[in-house]
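A.B. asks: quick one: sequence plus predicted model below, questions after.
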Amino acid sequence: MKIKQVKGFLLVEAIISIAITLLCLMMLTNLLGLFKQYRQVEHYGNELVLSYVQLNNFIETSDYIEIDQKESNSKKVIFKREEAGKVTNYVLEYYNKSMLRLTASQGGHIPLLMKVKQSDFDIDGQKLKVRITEWKNGESEWFFDLSSKNKPADEKMEQDDKSQDKR
């Protein structure tokens, strides 16, 4: 009777395969650590730009928008905005000592920027300057000019302006 010889793994081959497996696991662990570290890095500059664009789009997409001079102050700005013939009040404010937000008079809010250390507003007619101090003590200023989105106070004044431009 012949004994069949079965080839198997040598001890050296087993050790090499375990070493390769451990090397792959270490690389995977380091890669996952890098992903975790990347997610924790704050991309605050991108959030700042996105917030500015979001507020600018809010202003630019309206048919008519103006700053309520009587109710606005350095802590909040009241906008009167008209869309499809309906006027709605919106409030831009520094909220809860950490957020810049836009709220509607009917309720609800749009958080524009988080992790804000301090914010205040300067109003000059229909020009708005928003000063923001970030948690890491960076400072930003946003400028908006709403005068192009305002209606004249009187239709007759608008017609007079047009007739003077023609002369």
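C.D. replies: Received, thanks.

A.B. asks: in contact with Lys7, which residues are there?
C.D. replies: The contact partners of Lys7, taken as Cβ atoms under 8 Å, 6 or more residues apart in numbering, number zero. In this view, the C-beta of every residue, glycine as well, is placed from N, C-alpha and C.

A.B. asks: which of the three states applies to it?
C.D. replies: Using DSSP: H, G, I helix; E, B strand; the rest coil, the structure places Lys7 in coil.

A.B. asks: then Met26?
C.D. replies: From three-state DSSP, the assignment for Met26 is helix.

A.B. asks: just Lys2 next, same as before
C.D. replies: Applying three-state DSSP: Lys2 is coil.

A.B. asks: what ranges do the helices span in this protein?
C.D. replies: Assigned by DSSP state H, the helices in the chain fall at 11-40, 44-60, 155-166.

A.B. asks: geometric centre of the protein: which residue is closest?
C.D. replies: Nearest to the geometric centre of the chain sits Ser51, at 3.0 Å (Cα atoms, centre = their mean).

A.B. asks: pretty sure it contacts Leu113?
C.D. replies: Yes. Contact criterion Cβ atoms under 8 Å: Ser51 and Leu113 qualify, at 4.2 Å.

A.B. asks: rewinding a little: got a pLDDT number for the residue nearest to the centre of the chain?
C.D. replies: For Ser51, the pLDDT comes out at 89.

A.B. asks: picking up where we left off before, shared neighbours, Ser51 and Leu113?
C.D. replies: Common neighbours of Ser51 and Leu113 (Cβ under 8 Å, 6+ apart) are Leu100.

A.B. asks: give me the number of residues near Asp120?
C.D. replies: Neighbours of Asp120 under the rule other Cβ atoms under 10 Å: 14.

A.B. asks: do Ser74 as well
C.D. replies: For Ser74, the neighbour count with other Cβ under 10 Å is 12.

A.B. asks: show me the contacts for it.
C.D. replies: Ser74 neighbours (Cβ under 8 Å, 6+ apart): Asp120, Phe121, Asp122.
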